[in-house]
Structure formats: C-alpha cells, structure tokens
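Visitor: Below: sequence and its predicted model.
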Amino acid sequence: MNHQTTGPTPTPEPTVRAGDLVYGNHILLPVAGKATVYKVVYAYDYPGAEEQPYVLLILMPIGGTTPQTERRWVDALMRRATDAEIADAVDVARRATVAAGLERVAALIREHKLCFESYGGTALALGLDEGEVTRLGDALDAPVKPYIGESQVLTLDLGGDFLDFQVSFTGRPEVDPEVEQEWLFTFGSGQKHDGRFVRITGTYESARARMLALFGRAWCDQYDWQRFDRLGLAAELVELPESEWPSPQPNVMAGDAAAIVAAVLDEGTTGGDR
C-alpha cells in the first residue's frame with residue numbers, strides 16, 4: 001500500500017478580476033523577477049472585439065513616479081496585494097526617501113562648504129514608527145529614554161573632536177494589543193463617507209470588529225492618534241458623529257473580534273486607499 005505524506009494546504013493567493021479594479025486598489029506585478037506593489041490610479045472599460053471587453057489600467061508603483069499602463073480582459077485575474085504587502089512596500093519607499101534625503105543633505109554640505117557653529121553642537125531628529133525606537137535601541141545596545149508624552153527617544157553621539165553631532169530617534173513604544181485606547185477609522189475615495197472619520201475605543205481588534213459590524217468593508221484604514229496626527233489627517237477629515245453611524249449588521253457578534261477580523265481578511269482588504 002502506497003502511503004503519501006501531504007503537507008498543509010497552501011493558502012491561495014488573493015486575486016481580483018481586472019474589471020473589478022477601482023481607484024485606490026493595490027495589485028502585484030512582476031518587475032525584473034520581483035513582485036512590485038502598484039496602486040490603481042485609473043481604470044477605464046473598453047468594448048472589445050467579439051464581445052470580449054477589456055479594461056485599461058494606469059498603475060503607479062508604491063514609492064515610484066513613473067506610471068505603468070496595463071490592458072487586460074475584464075475577466076482576467078490579477079494578483080491583489082495584501083495589507084501586509086502594501087505596508088512593506090510603503091516602508092521600503094519611506095526608508096528610501098529618507099536615505100536619499102540625507103544623502104542630498106550631505107551633498108549640499110560638501111558642495112556649498114557649509115560652516116557649523118561649534119557652540120552647542122549640531123543635532124538631527126528623526127521620527128520613527130511605533131516600536132522602532134525600542135527595536136533600534138535593542139539592536140545597538142543603547143539606552144532608550146522617556147520623551148514627550150508617551151514617546152521615547154534614543155540619542156546617538158556621532159560627533160568628533162571639532163563638533164558635537166547628535167542624532168535623535170523619537171517614537172512611541174509598540175502598542176499592546178490588549179490595551180484599550182481610542183482608534184480612528186477613515187474611508188476611501190469614492191466610498192459613502194469619504195472625507196470623514198470615526199473614533200472607536202477598544203483594543204486594536206475589538207475596535208476593528210465594531211467598525212466591521214457597523215460599516216462592513218466600506219472603509220479604509222485604522223490609526224492611533226499619533227499616526228493620525230502625523231499624517232495630517234486631523235486637518236483634512238471631518239468626524240462622522242455617532243448619530244449618523246449605521247446600525248450594526250445582523251449576524252455579526254462584536255465579541256468575537258478575532259473571528260470577524262480573520263473572516264474579513266480572508267475575503268480581502270477593507271476597501272479604498274487614502
């Protein structure tokens with residue numbers, strides 16, 4: 001008797017019909033053998049020959065400036081980017097932007113032969129995402145100290161004999177998933193409440209579960225106050241008062257937060273992009 005050992009069934013990759021793509025969706029395309037995340041910035045349906053319509057897509061790579069045009073049959077399946085893949089692409093783009101900016105500053109210093117005052121030295125401050133200050137301190141075995149409010153600071157002395165030069169990294173510690181706090185939820189372009197936000201108090205998952213129960217998948221992102229303010233969203237968006245919220249969707253149990261979040265993530269991302 002031939003016994004075969006089979007491993008766990010791999011999770012199928014998320015796909016989406018080309019004809020269902022709208023502004024703000026994200027997809028993966030292979031570029032030089034590497035999967036690259038693109039944002040859909042334009043989608044237009046064209047009638048095709050022999051009743052085979054196609055869609056014209058204009059795509060912008062995350063962190064890039066050169067758009068790419070794709071023409072696909074409306075029923076063609078394309079690889080949808082997951083939330084984690086989008087977040088990774090954004091992080092890579094941000095690192096590249098900061099690194100390039102620092103290189104340009106260094107080039108300006110050398111090109112224009114800038115002179116720095118010696119009294120008090122020179123300092124540079126960089127804001128990091130939640131948990132990154134602690135992670136950097138652990139990696140460098142350097143002390144992390146309390147800073148303004150709940151934030152932390154890690155200061156490195158990089159000067160020499162002729163000038164004190166300090167680089168400070170600031171940011172909040174990583175959020176404890178069990179700690180309750182106020183969360184801000186936004187809506188994507190073209191969605192019913194575009195330009196508004198709602199605030200819900202709870203843990204990361206319980207607040208997300210309530211949002212899902214109220215608005216389904218017709219919303220965009222979840223933020224804490226630090227990230228919300230840092231992105232300037234408080235000045236751009238208007239709060240949607242609770243009196244205008246829809247009633248919770250039937251058959252959704254807010255108490256089972258993990259199950260709700262997992263179910264929605266299995267189906268796909270939460271909608272638009274801001």
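Guide: That came in fine, so what should we check first?
Visitor: Show me where this protein has its helices.
Guide: 83-111, 132-140, 204-215, 225-230, 233-236, 257-267 (DSSP state H).
Visitor: for the shortest one, what is the average pLDDT?
Guide: The one in question is helix 233-236. Average pLDDT, helix 233-236: 88.
Visitor: which ones are touching Gly63?
Guide: 89-90, 92-94, 96-97 (C-beta atoms under 8 Å, 6 or more residues apart in numbering). To be clear about C-beta, it is placed using only N, CA and C from the backbone, and glycine gets the same treatment.
Visitor: Most neighbours of all the residues you listed, which one?
Guide: Of all those, Ala89 has the most neighbours under the rule other C-beta atoms under 10 Å, reaching 22 neighbours.
Visitor: picking that back up, of the helices of the chain, flag the one that's most buried.
Guide: helix 204-215 (a mean of 21; mean count of other C-beta atoms under 10 Å).
Visitor: Just the C-alphas of that one, formatted as PDB.
Guide: This file holds the C-alpha atoms of helix 204-215, laid out as PDB (Å, rounded to 0.1, in the frame of the first residue of the first chain):
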ATOM      1  CA  TYR A 204      -7.000  47.100  18.200                       C
ATOM      2  CA  GLU A 205      -9.100  44.000  17.300                       C
ATOM      3  CA  SER A 206     -12.300  44.900  19.300                       C
ATOM      4  CA  ALA A 207     -12.400  48.400  17.800                       C
ATOM      5  CA  ARG A 208     -11.800  47.000  14.300                       C
ATOM      6  CA  ALA A 209     -14.500  44.400  14.900                       C
ATOM      7  CA  ARG A 210     -17.000  47.100  15.800                       C
ATOM      8  CA  MET A 211     -16.100  49.100  12.700                       C
ATOM      9  CA  LEU A 212     -16.700  46.000  10.600                       C
ATOM     10  CA  ALA A 213     -20.000  45.300  12.300                       C
ATOM     11  CA  LEU A 214     -21.100  48.900  11.600                       C
ATOM     12  CA  PHE A 215     -19.700  49.700   8.100                       C
END
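Visitor: Output the contacting helices and strands for that helix.
Guide: strand 181-186, strand 196-202, strand 222-223, helix 257-267 (3 or more C-beta pairs under 8 Å, 6 or more residues apart in numbering; DSSP states H and E).
Visitor: Adjacent strands (with direction) for the third one?
Guide: When sheet partners are counted by DSSP bridges, strand 222-223 sits next to strand 181-186 (antiparallel).
Visitor: List the contacts of the partner strand.
Guide: Identification of contacts with strand 181-186 by C-beta under 8 Å, 6+ apart yields 175, 196-202, 204, 207-208, 211, 215, 219-225, 228, 233, 237, 274.
Visitor: how does it look with 7 Å?
Guide: Under the criterion C-beta atoms under 7 Å, 6 or more residues apart in numbering, residues 197-202, 207, 211, 219-225, 228, 233, 237, 274 lie in contact with strand 181-186.
Visitor: same question, stretch 38-53
Guide: Residues from elsewhere that reach stretch 38-53, judged by C-beta under 7 Å, 6+ apart: 19, 21-27, 29, 54-62, 67-68, 73-74, 273.
Visitor: redo that, cut-off 6 Å
Guide: Applying C-beta atoms under 6 Å, 6 or more residues apart in numbering, the contact partners of stretch 38-53 are 21-23, 25-27, 29, 54-61, 74.
Visitor: End to end on it, go ahead and measure it.
Guide: Start-to-end span of stretch 38-53 (C-alpha to C-alpha, to the nearest Å) is 23 Å.
Visitor: what's the offset of it from the middle of its chain?
Guide: Centroid separation for stretch 38-53 versus its chain: 27 Å, with C-alpha atoms, centre = their mean, to the nearest Å.
Visitor: Then stretch 53-62?
Guide: Remark: stretch 53-62 is offset 21 Å from the chain centroid, using C-alpha atoms, centre = their mean.
Visitor: And stretch 75-82, by the same measure?
Guide: 19 Å.
Visitor: Return the set of buried residues in it.
Guide: For stretch 75-82, the neighbour count (16 or more other C-beta atoms under 10 Å) marks 78, 80-82 as buried.
Visitor: Okay, Ser243 and His193: tell me how far apart.
Guide: Separation of Ser243 from His193 (C-beta to C-beta, to the nearest Å): 13 Å.
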